[in-house]
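Q: What would the 3D arrangement of this be:
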Amino acid sequence: MRKQISLILFLSFLACSEKISVSDLNHINGYWEIEEVKFPDGGSKEYNVNVTIDYFEYNNMKGFRKKVQPTFDGTYNTSSDAESYQINERDGFFWMSYQNDLSSWEEQITEITKSNMVLKNKEGLSYHYRRFQPINAKE
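A: I've put the predicted structure just below:
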């Protein structure tokens, strides 16, 4: 009986959580700043200041991601290095799959809105991003 109640509660939780749709993936585009990393053991690390941020470009289930450095005049310093990804849907979840000459890895998109994104890797690390708001010293 106890197992049945636990199963019902778990399934209710899953049913109440909002699923990510293909149209939600358009929110990936843009500049994202890491806010916090949550570890599988329940610990976390907060990032109050970031020297680099991630730029994501997304179009039709694929794209790339690169590190950039914001400057005080509102521009970004960047290199030509970028990690290409493909988005795959498996069992109702979206996964960003990366592959380069040295390795391959995946991150599950567990949340995506206009202002927040959470990516979780297979090791159980959850990367919490907030939309980057540039600092413009010209104003």
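Q: list the contacts for the residue most central in space within the chain?
A: With distances taken as Cα atoms, centre = their mean, the residue of the chain nearest its centroid is L119 (3.6 Å). When contacts are counted by Cβ atoms under 8 Å, 6 or more residues apart in numbering, L119 touches 96, 107-110, 126-127, 129. All C-beta spots, glycine's among them, are computed from the backbone N, C-alpha and C.
Q: same check, this time on M96
A: Going by Cβ under 8 Å, 6+ apart, the list of residues near M96 reads 85-87, 106-109, 119.
Q: Am I right that H27 is in contact with T113?
A: Yes - in this structure, H27 sits in contact with T113. The criterion is Cβ atoms under 8 Å, and the distance is 6.1 Å.
Q: Among the two, which residue is more densely surrounded?
A: When H27 is set against T113 and neighbours are counted by other Cβ atoms under 10 Å, the residue ahead is H27, at 20 against 12.
Q: Excluding residues flanking it in the chain, which one is nearest N50?
A: The shortest distance from N50 to any non-neighbouring residue, by Cβ to Cβ, 6 or more residues apart in numbering, is to E33 (5.2 Å).
Q: mind listing the strands for the protein?
A: Secondary structure of the chain, counting by DSSP state E: strands at 30-38, 44-46, 53-59, 62-70, 76-78, 83-90, 93-99, 104-112, 116-121, 126-131.
Q: Which pLDDT value goes with Y127?
A: Note on Y127: pLDDT of 98.
Q: quick revisit: quick one, which of the contacts of M96 are buried?
A: 85, 87, 106-109, 119 (16 or more other Cβ atoms under 10 Å).
Q: Would you format these as a markdown table with distance to V49 and pLDDT included?
A: Conversion of the buried ones among the contacts of M96 to a markdown table gives the following (distance: Cβ to Cβ, whole Å; pLDDT from 0 to 100):
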| residue | distance to V49 | pLDDT |
| --- | --- | --- |
| Y85 | 27 | 98 |
| I87 | 30 | 98 |
| E106 | 29 | 97 |
| E107 | 23 | 98 |
| Q108 | 27 | 98 |
| I109 | 25 | 98 |
| L119 | 20 | 98 |
